[in-house]
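Colleague: fold the following, please.
(one chain, ligands or ions: 2)
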Amino acid sequence: MAILMHTTKRKILIPEKVSPDGLALLKDQFDVDEKKGLSPEELQNIIGDYDALIVRSETKVTADLLSTAKKMKVVARAGVGVDNVDVQSATSHGIIVVNSPSGNINAAAEHTIALLMAVARNVGDASQSIKAGKWERSRLVGVEAKGKTLAIVGLGKVGLTVARIANGLGMRLIAYDPYANPNLAAAASVTLRPSLAEMLKEADFLTLHTPLIASTKGMIGKAELATMKPTARILNVARGGMIDEDALVEALDAGTIAGAGIDVFTSEPPQQDSSASRLIAHPKVVATPHLGASTKEAQENVSIDVCEQVVSILSGELPRSAVNAPIVLPDEYRTLQPFISLVEKMGSLYTQHYSSVKLDSFRTTFDLIYEGKLATINTTKPLFAALVKGLLTPITSSDGLNINIVNAELLAKERGILINEQRSRENVDDKPYSSFITLRARASRSVSQQPRSRNTSPSAARTLQQAQDTDDQIIQGFVSGNKPFISRLDKFKGEFVPRGTLLICRNFDSVGKIGYVGNLLGQAGVNIKFMNVAPLDEELEERQNEQNGGGETGEGNKEALMILGVDKPVGEDVLKRLIAEEGVLEASVVNF
Ligand SMILES: NC(=O)C1=CN([C@@H]2O[C@H](COP(=O)(O)OP(=O)(O)OC[C@H]3O[C@@H](n4cnc5c(N)ncnc54)[C@H](O)[C@@H]3O)[C@@H](O)[C@H]2O)C=CC1
Ligand SMILES: O=C(O)C(=O)COP(=O)(O)O
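Modeller: Residues are numbered from 1 along each chain as shown. Ligands and ions are numbered 1, 2, ... in the order given. Here you go, the predicted model:
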């Protein structure tokens, strides 16, 4: 008989025109909904169903929208500028924002040059004039680009590409960009100017290529325009909002600026009677409807770029150009993968086993110590995030937080969880694993009492010594054959796989305990799938004995942990009965 499998495909919403070349990469694995022309309300009503959203510049991805997007894992911007996405809000929801940082650079640069030439030679005006049946050769005399000064604000990817093309046109190149790479500037024959004001005076053509951010918003206003030559022409293929549109219209009317080529506006599409629509209507302006990235080639590039990243993220991997997550190299991420699972389980074990700890009000410092191969990895951000996720998931509501590399740091801070990552130089060559992780929870104490400097990496042995000395809580683990193992829980040493539901009992290591616990569980209808015993660590025991005056611990008084894999949850009543029996000192149920 055929077995029907019902697997729900994850859903991706695309409310704008995105090239089919990238979408083809999604359609096998995911439900891809292309829904153009949605109103903000319509978008808000359906966004909760989607795992990913792919947009260009038209969709406003607001904090309001993101707060409704409960399943959302990724917002992908098929282009460069993410000023239409509330990145901060996405971060707080753990939503990764990706873009395509270079797929449309050439298109934007060529469009800038197209506008430069069109403005220099009155192409738009001349075309309209001839179509109207006129032949106005003397009114439409232009200027040449050759020998003119092109002033570039923002010498990043687009700015540099514009510079290289303009260099070929024989233009003199100057730029203002406080963060520019001087070597790249020199190689492109661009002379950097120390201030915008200084550069504006020299410009025959001014072109803007910065993102729209606080420092660039309104950067060309009335005062700046007043310092420019009356023959100067202005180009904007970056973002509306960087130029004061009313001030530019005024300057064009007054003849203190000669012309402008504008692709981007403060309101897109421009509203009637807005400053944008007045600028567009101006006879000295060549305007295009945000076409900088609109070439077949650029749209293919950005679409493939972001769709590949959406596939990565929905498959649990990291993207290559996240706007709000650290970049982790693919090889490193592959190495980290099994440890991410281990650390998450260690965090979860901590919260569930030490259940008296209230994580949302606690002040504990965690040391997360990497030994062996892991200690040589460049970025351990995914492990940090896994610990926060492991610690918080057992105590957050099921519809709650999407905890990941994007928001882990923020959430840890909000909850007062301090995580101190350390790399140990302890040699693990003689051990059966190549890497080893210790999670140590230190009860809070004043800063002056904290045991040691954060920069010195203790060996595992020293860590244990400290745990014993300070009653800190210790969980250790390693990975073998890609499987996570816990190898220590507090003072007990024994390997177990953190999987399914585990009943963890601390008991006196005496005859009959296993039978008693087994019986009780049997009566409650709980099956035991596997069992491990973790005895007291011998080294630790010896030290304790020495401290207690050298006496041996009596056989029946030795403690051990019993770890039982069970097939269903163990109720509170059963736990109470277990603890009531002499010899079972503590019992906790942990779900993975
Ligand atoms: N019209 C269109 O269709 C397109 C527009 N764009 C726009 O172009 C912008 C630039 O893109 P890219 O060159 O790829 O970005 P980029 O990040 O490579 O370069 C931006 C440059 O601006 C500089 N910068 C930042 N703040 C500055 C300030 N206050 N003053 C001077 N320089 C400053 C940075 O140092 C950087 O070098 C994008 O942010 C996007 O808004 C990009 C592609 C297409
Ligand atoms: O990539 C950018 O920043 C752009 O402005 C391109 O916008 P678009 O994708 O054409 O709406």
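Colleague: what does the stretch 101-250 of the chain put close to ligand 1?
Modeller: Proximity of the stretch 101-250 of the chain to ligand 1 (Cβ under 6 Å from any ligand atom) is limited to residues 104-105, 108, 153-159, 176-180, 209-211, 215-216, 237-239. All C-beta spots, glycine's among them, are computed from the backbone N, C-alpha and C.
Colleague: select only the buried ones of these in ChimeraX?
Modeller: Applying 16 or more other Cβ atoms under 10 Å to those, the buried members can be selected in ChimeraX as follows:
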select :104,105,108,153,154,155,156,157,158,159,176,177,180,209,210,216,237,238,239
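Colleague: which of the residues of the stretch 101-250 of the chain next to ligand 1 fall in strands?
Modeller: Taking DSSP state E, the ones among those that sit in strands are Val153, Tyr176.
Colleague: could you report the pLDDT at the residue nearest to Ala163 when sequence neighbours are not counted?
Modeller: Excluding the flanking residues, the one nearest Ala163 by Cβ to Cβ, 6 or more residues apart in numbering is Ala188, at 4.5 Å. pLDDT recorded at Ala188 is 96.
Colleague: surely Ala188 is in contact with Leu173?
Modeller: Yes: counting by Cβ atoms under 8 Å, Leu173 is a contact partner of Ala188 at 7.1 Å.
Colleague: quickly list what's touching both of the two.
Modeller: Ala163, Asn167 (Cβ atoms under 8 Å, 6 or more residues apart in numbering).
Colleague: lowest-pLDDT helix or strand in the protein?
Modeller: None of the helices or strands of the chain scores lower by mean pLDDT, DSSP states H and E than helix 460-470, at a mean of 47.
Colleague: not counting its neighbours along the chain, what's nearest the closest residue to ligand 2 within the stretch 151-300 of the chain?
Modeller: Here the residue of the stretch 151-300 of the chain nearest ligand 2 is Ala293; by Cβ to the nearest ligand atom that distance is 3.5 Å. Counting by Cβ to Cβ, 6+ apart, Ala293 lies nearest to Asn104, which is 3.7 Å off, once chain neighbours are set aside.
Colleague: so is the helix or strand containing Val119 next to ligand 2?
Modeller: According to DSSP states H and E, Val119 maps onto helix 105-120. No: against ligand 2, helix 105-120 shows no contacts by Cβ under 6 Å from any ligand atom, the least distance being 7.0 Å.
Colleague: can you tell me the element Ile12 falls in?
Modeller: strand 11-14.
Colleague: check Asp246 too.
Modeller: Asp246 belongs to helix 245-254, assigned by DSSP H and E.
Colleague: in that helix, what's buried?
Modeller: For helix 245-254, by 16+ other Cβ under 10 Å, it's Glu245, Asp246, Ala247, Leu248, Val249, Ala251, Leu252.
Colleague: my guess is the first one contacts Ile280, does it?
Modeller: No: the pair Glu245 and Ile280 does not pass the contact test of Cβ under 8 Å, sitting 9.3 Å apart.
Colleague: quickly list what's touching both of those two.
Modeller: With Cβ under 8 Å, 6+ apart as the test, Glu245 and Ile280 both reach Phe265.
Colleague: for the stretch 1-150 of the chain, which residue gets nearest to ligand 2?
Modeller: Counting by Cβ to the nearest ligand atom, the stretch 1-150 of the chain gets nearest ligand 2 through Gly79, at 2.6 Å.
Colleague: my guess is that residue meets Ser303, correct?
Modeller: No: judged on Cβ under 8 Å, Gly79 makes no contact with Ser303 at a distance of 9.8 Å.
Colleague: what's the distance between Met72 and ligand 1?
Modeller: Counting by Cβ to the nearest ligand atom, to the nearest Å, the gap from Met72 to ligand 1 is 23 Å.
Colleague: interface residues of the stretch 51-200 of the chain facing ligand 2?
Modeller: So the stretch 51-200 of the chain meets ligand 2 at Arg56, Ser57, Ala78, Gly79, Val80, Gly81, Asn104 (Cβ under 6 Å from any ligand atom).
Colleague: Asp21: which of these is nearest?
Modeller: Ala78 (10.9 Å; Cβ to Cβ).
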